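1. Can you look at this prediction? I've put the sequence above it.
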Amino acid sequence: MTADSTIYRDLAYVFVAAVLGGFLARKLRQPLILGYVLGGILIGPFTPGPTVSEIRVLELFAEIGVILLMYSIGLEFSFRDLLRVKWVALVGGPLGILVSIGLSMTVGSRLGWTTSLGIAVGAIVSVASTMVLSRFLIDRGELHSPHGRVMIGITLVEDLAVVMLTVLLPALGSLTGSRFFGVGLALGKSLLILTLLAFIASKIVPRLMAQVARTRNQELYLLVALALGFATAAVTQALGLSLALGAFLAGMVISESPFAHQTFAQLLPLRDAFVALFFVTIGALINPRALISAPLLLGVIVALIVVGKFVIWTLVARLFRYPIWTAVLVGVGLTQIGEFSYILVQVARKSGLVGNDVYNAVLAASLLTIILNALLMRMVPAWVGPHRLIQQTRALTPAHEPKSLNDHVVVCGFGRVGGALGAALDAFEVPYVVIEIDPDIVDALRERGIPSLFGDSVHANILKEAGIERCRLVVVTLPETDWAVLAVRSVRGLNAEVSILARAHRPQGREELLKAGATEVIQPEFEASVSLIQHSLDRLDVPLQSTLTYLESFREGMETTDDRKR
C-alpha cells in the first residue's frame, strides 16, 4: 500500500471512530470529546483491531483543529472580555504554574523523586488543555460566564508559559543567568511583534472583510477568513509561540468587526470536523496498559492534576477577589491536561528528565482527567447552586421572593431570547421568575427588583424555589438541546399540568423536547420561514384570509412531516 493510500485509510479510520465514539457518548449523555478520545484508543497502535499507521501525519491534521477551534473562540470573544480578567490571567496564571511546580516538588521529595523530576512533572501537569476546556464551555453555554472568561484568560497565559517551559526544561541542569535572559528577550520580542501585528490587523482586516463581503461570494469570504486565521497562526509559530494563540488573536481581531457572526457561521462545520480529528488522534496516542502498569505513579499524577490544581486555582481566583463560587468553578474547569502537556512531556523525555514510565502515565492521566473533568463540570454546579441560592434568597426582599408569587411565569435562561421575553412580560406587568447560570445577569436582575435565582434549571430544588408547582407557564430558552431536554423533564416531573414552551434549532431537537414533555416547541428557522412567506404574499397583494389559510396548512404540513419522522 502506498503512503498516500495509507493516509486516506487512516483518515477513514479516524472519522469512523469519531462517529462511533460520538454516538456512544451522546447515547450515554456524555461530552462528545470523551467519545472521540475512546474512539481514538480503539484505532491506536496499543489495541487490537484496525490501527492507524501514519500517526505523525494525523497529528499535523489535528493541529488544524486547534487552529479552527481557537479561531472560532476568538470570534466569540472580544478585547473587552479579556480586559475584565487581565490581572487574574497575567499575574494569577504564572503564580498558579509556580505553585503547581512547588507542589510537585514537595510530593516528589516524599516519593524519592529527584528535584529535576519534580520540576518537570510539576510543569507538565500545571497547564490545562485549552481545547478540552473551551469545548466543554461551549457545550455548556458558559464560554462568556465569569468563570469561563477567567479560565480562558488563564489558559491563554499558560500557552505563553509553555514556550518558556520548553526552553527551560532541557536546561534544568545548567540554569544560568544568560539562559534566562535569552528566554526573556525572545519572549519580549515576540510580544512586541504580536502587539504590532494586532494593531496593523485591526486597521486592515475590517476593511478587507468589508470589501470581500461586498462581492457577496460565500466561497471567497470563507477562503479569506481561513487565510487570515492560518496566516496569523503561522506568524505566531514562527515567533516561537503557539498556533493556538495566533489563531485566537486572529479571531479576536475579526470579532471587533460587523463580520464576526458570518465568519463564525461559515467556519463552524469545518471546525467541528477537525476538532473531532484532533481528539481521536489524542486517543490514538494513549496506551491503555499505562492505566495498570504503574498505578501508584498514575495515581500521584492524577491527584496532582485533579486535587492539587483544584485547590491552587480556586485559591488564585479568590486571591483576585472573585466570589467563592466563581473561584470553585474556575478550579474545577482547570483540573485536566491535554495537548500542551503532551508537548512538555515529550521535551522532558528527550532531555532525560523523565522516563517512559512517566511519559505513559502522563498520557493515561490525560484520559482520566478529561473524564473526571467532564463529570465535575456537570456535578459541581449542582452542588454550588443550592449554596449560592441560599445567599441570594436571603438578599431578596419579601416582596420579590419567588415564594410569594402565584400564577407567574418561570423563565429558564435569560440570554438574548429570555431577555426579550422578560421585556414583554414587564410591558404587560406579568410577574415572572428567572433561573440563570450567569451570576452577573442574576445580580443585574435583582437590582431591578426581578426575582431571579442563580443555578441550573435542571435541578429540582432550584425549580421548587422558583415556585414551579404554582406557576402558570414555563419558558425554556436554553440554547443547548441536551440541557433544555433535561430542564423540561425536571419541570414536568414537578408539575404535570403546567404549559412548557421551549425552543429548538433543529427538527430533531424539537422531537426530543416534545417527548420530554414540552407543550410547544418553537423553531426559529421555521418561524422565520412563516414570517417570510407572510410578508412576501402581503407584498404581492394576496388577500389576508388566503394568506392565513395557506400558512395554517403550511404549519399543519410541517407538523405532519415531523410526526412521520417520529
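-> In hand now; what should we look at?
2. Tell me the secondary structure at the residue lying closest to Glu520 once chain neighbours are set aside.
-> Nearest non-adjacent residue to Glu520, counting by Cβ to Cβ, 6 or more residues apart in numbering: Leu501, 5.4 Å away. Using the backbone N, CA and C atoms, a C-beta is placed for each residue, glycine as well. Assigned state for Leu501: strand (three-state reduction, DSSP: H, G, I helix; E, B strand; the rest coil).
3. ok, now Ile468?
-> coil.
4. which residues sit in contact with it?
-> Going by Cβ atoms under 8 Å, 6 or more residues apart in numbering, Ile468 touches Val410, Val474, Val491, Leu494, Asn495, Val498.
5. Report whether the expected contact of Gly92 with Arg318 is present.
-> No - taking Cβ atoms under 8 Å as the definition, Gly92 is not a contact partner of Arg318, at 10.1 Å.
6. Same drill for these two, tell me which one is more crowded.
-> Of the pair Gly92 and Arg318, Gly92 is the one with more neighbours under other Cβ atoms under 10 Å, namely 24 against 16.
7. what about the stretch 251-400 of the chain, any weak spots by pLDDT?
-> Across the stretch 251-400 of the chain, the ranges flagged by pLDDT under 70 are 256-262, 264-265, 382, 384-400.
8. quick one: the helices in the stretch 401-550 of the chain?
-> Counting by DSSP state H, counting those that start in this stretch, the stretch 401-550 of the chain has helices at residues 416-427, 439-447, 460-465, 481-494, 507-516, 524-539, 544-565.
9. again with the stretch 151-300 of the chain
-> 177-214, 218-238, 243-255, 260-285, 290-293, 295-303.
10. export those to JSON lines and tack on mean neighbour count?
-> Formatted as JSON lines, the helices of the stretch 151-300 of the chain follow (neighbours: other Cβ atoms under 10 Å):
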{"stretch": "helix 177-214", "mean neighbour count": "14"}
{"stretch": "helix 218-238", "mean neighbour count": "17"}
{"stretch": "helix 243-255", "mean neighbour count": "26"}
{"stretch": "helix 260-285", "mean neighbour count": "21"}
{"stretch": "helix 290-293", "mean neighbour count": "16"}
{"stretch": "helix 295-303", "mean neighbour count": "17"}
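11. so which of those gets nearest Ala423?
-> Each of the helices of the stretch 151-300 of the chain was scored for nearness to Ala423 using Cβ to Cβ, and the closest is helix 260-285 (22.1 Å).
12. Can you give the contact residues for stretch 346-357?
-> Identification of contacts with stretch 346-357 by Cβ under 8 Å, 6+ apart yields 116-117, 120-121, 123-124, 165-166, 169-170, 172, 293-294, 297, 345, 358-359.
13. Using ChimeraX, define a selection of the buried residues within those.
-> To isolate the buried ones among the contacts of stretch 346-357 in ChimeraX, judged by 16 or more other Cβ atoms under 10 Å, type:
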select :116,117,120,121,123,124,165,166,169,172,294,297,345,358,359
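14. quick one on the thing from earlier: point out the most buried one among the helices of the stretch 401-550 of the chain.
-> The highest mean neighbour count among the helices of the stretch 401-550 of the chain, using mean count of other Cβ atoms under 10 Å, belongs to helix 481-494: a mean of 21.
15. if we can go back for a sec, out of the contacts of Ile468, the closest to Leu60 would be?
-> Closest to Leu60, out of all of the contacts of Ile468 and judged by Cβ to Cβ, is Val491, at 47.4 Å.
16. pLDDT wise, what is that closest one at?
-> What the model reports for Val491 is a pLDDT of 94.
17. Okay, the residue nearest to it when sequence neighbours are not counted and Met379: tell me how far apart.
-> The shortest distance from Val491 to any non-neighbouring residue, by Cβ to Cβ, 6+ apart, is to Val474 (5.2 Å). Computed as Cβ to Cβ, to the nearest Å, the Val474 to Met379 distance reads 24 Å.
18. Of the two, which one has the most company?
-> Val474 (28 against 11).
19. so the more buried one bridges to which residues?
-> For Val474, the beta-bridge partners are Val410, Ile500 (DSSP bridges).
20. In contact with it, which residues?
-> Val474 is in contact with Val409, Val410, Cys412, Ile468, Val491, Asn495, Val498, Ser499, Ile500, Leu501, counting by Cβ under 8 Å, 6+ apart.
21. quick one, phi psi at the fourth one?
-> For Ile468, the backbone dihedrals are phi -60, psi -30 (criterion: degrees, to the nearest 10).
22. For Ile370, which residues are in contact?
-> Ile33, Leu34, Val37, Ser129, Val132, Gln336, Gly338.
23. and which of these is nearest to Ser109?
-> Gln336 (25.2 Å).
24. Go ahead and confirm the closest one touches Ser126.
-> No - in this structure, Gln336 is not within contact of Ser126 by Cβ under 8 Å, at 11.9 Å.
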